[in-house]
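Asker: Sequence and predicted model, in that order:
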Amino acid sequence: MIGEDIEMEFILKDNLWNVEIDPVQIDQILANLAANARDAIGGVGSVIIETDNVVLDETYVSTHFDILPGEYVMMSFSDTGEGMDTDTLKNIFEPFFTTKKREEGTGLGLATVYGIVKQNNGTIHVYSEPEHGTTFKIYLPRCLSDTDDDREGKTVESLEGTETILVVEDELQVLSMAKRILEQHGYTVFAIRNPVEACDFVESYTDEINLLLTDVVMPEMNGRELKQRIRVYMPDIRALYMSGYTANVIAKRGVLEEGVDFIRKPFSTEALAKKIREVLDS
């Protein structure tokens, strides 16, 4: 379906939780996303399909009103196509919306995917930047009917700290949520939307900043470039990268080196607090 020029890679989680959905609908989701990716790539490229178990908590749900807190199976579908701008992203799930010519598409593919996901009490989010490809993330609720509930009982209260953290993220909603989570855990937090402004702030700041928490893809410079510029003034600062794209997609495209500290958006309160402590204590 996607042709010989597009490489397809599967990165599948071991011990994936069960979901309750008609397998034919999974076929429909994959077929429509594959067709969309093929058209977006328009030649040589790659597609990565990943699965994982995720927990979405109250903090995440407070900024995403289309889903309830709980345990979900996540399936992400990433392509190396041309990507989309903000205006296009606002409309991609609308029936009959398409950027193709009339004879090339009906605009029903992504609307069909959206309908299937919602019918099964899930949600779908899309991350895309022009010339940086697209990642669709589908969350389907975990089915506990024939599995043991093996959730860990570790609480976020044990993950507090007193360090100073600089958060750089161009999406205001994510920036505010990260700042709130970290301040609740005792950190001193500076939250800045623009990477250039972040560099100016660091240059004039006289105390120590222990950690840079930064988005990977931002206007004017990416997260790796931001870290390099900040380390001119603070050589010992640690860095934790975050992105709506998965770590495998980011590494494959050469934006970040493999093995860097990375957290995938969306993240729960516990996931962020745990990862922050892991990086600071390493």
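Answerer: Right, received. Where do you want to start?
Asker: which sections of the chain are below the confidence cut-off?
Answerer: Applying pLDDT under 70 to the chain flags the ranges 63-65, 96-108, 145-158, 253-254.
Asker: Following the chain onward from the helix of greatest length in it, which element is next?
Answerer: In the chain, assigned by DSSP state H, the helix with the most residues is helix 23-41. Next in sequence after helix 23-41, counting helices and strands by DSSP states H and E, comes strand 45-56.
Asker: tell me which residues of the helix or strand following that following strand are tucked away?
Answerer: The helix or strand immediately downstream of strand 45-56 is helix 58-61, counting by DSSP H and E. For helix 58-61, the neighbour count (16 or more other Cβ atoms under 10 Å) marks Thr59, Tyr60, Val61 as buried. In this view, the C-beta of every residue, glycine as well, is placed from N, C-alpha and C.
Asker: got it, and stretch 239-252?
Answerer: 239-252.
Asker: same deal with stretch 69-85?
Answerer: By 16+ other Cβ under 10 Å, the buried positions in stretch 69-85 come out as 71-84.
Asker: Please produce JSON lines containing the residues you listed, extended by distance to Glu4 and secondary structure.
Answerer: Output for the buried residues of stretch 69-85, formatted as JSON lines (distance: Cβ to Cβ, whole Å; DSSP: H, G, I helix; E, B strand; the rest coil):
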{"residue": "Glu71", "distance to Glu4": "38", "secondary structure": "strand"}
{"residue": "Tyr72", "distance to Glu4": "34", "secondary structure": "strand"}
{"residue": "Val73", "distance to Glu4": "31", "secondary structure": "strand"}
{"residue": "Met74", "distance to Glu4": "29", "secondary structure": "strand"}
{"residue": "Met75", "distance to Glu4": "24", "secondary structure": "strand"}
{"residue": "Ser76", "distance to Glu4": "24", "secondary structure": "strand"}
{"residue": "Phe77", "distance to Glu4": "19", "secondary structure": "strand"}
{"residue": "Ser78", "distance to Glu4": "19", "secondary structure": "strand"}
{"residue": "Asp79", "distance to Glu4": "16", "secondary structure": "strand"}
{"residue": "Thr80", "distance to Glu4": "16", "secondary structure": "coil"}
{"residue": "Gly81", "distance to Glu4": "17", "secondary structure": "coil"}
{"residue": "Glu82", "distance to Glu4": "20", "secondary structure": "coil"}
{"residue": "Gly83", "distance to Glu4": "23", "secondary structure": "coil"}
{"residue": "Met84", "distance to Glu4": "25", "secondary structure": "coil"}
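Asker: closest to Thr123 among these?
Answerer: Using Cβ to Cβ, Tyr72 comes nearest to Thr123 of these, at 8.4 Å.
Asker: Touching, the closest one and Leu140? I think so.
Answerer: Yes: with contact defined as Cβ atoms under 8 Å, Tyr72 and Leu140 form a contacting pair (6.2 Å).
Asker: Figure out how far the longest helix of the chain is from the centre of its chain.
Answerer: Averaging C-alpha positions (Cα atoms, centre = their mean, to the nearest Å) puts helix 23-41 20 Å from its chain's average.
Asker: repeat for stretch 119-137
Answerer: 9 Å.
Asker: how many neighbours does the nearest residue to Met1 once chain neighbours are set aside have?
Answerer: Closest residue to Met1 apart from its sequence neighbours, by Cβ to Cβ, 6 or more residues apart in numbering: Ala34 at 5.4 Å. Residues near Ala34, counting by other Cβ atoms under 10 Å, number 19.
Asker: Quick one: residues contacting the residue positioned nearest the centre of the chain.
Answerer: Within the chain, one residue has its C-alpha closest to the average C-alpha position: by Cα atoms, centre = their mean, that is Gly244, at 2.0 Å. If a contact means Cβ atoms under 8 Å, 6 or more residues apart in numbering, then Gly244 has His125, Tyr127, Thr135, Lys137, Arg264, Lys265, Pro266 as its contacts.
Asker: one step back: any shared contact partners between Tyr72 and Leu140?
Answerer: In contact with both Tyr72 and Leu140: Gly122, using Cβ under 8 Å, 6+ apart.
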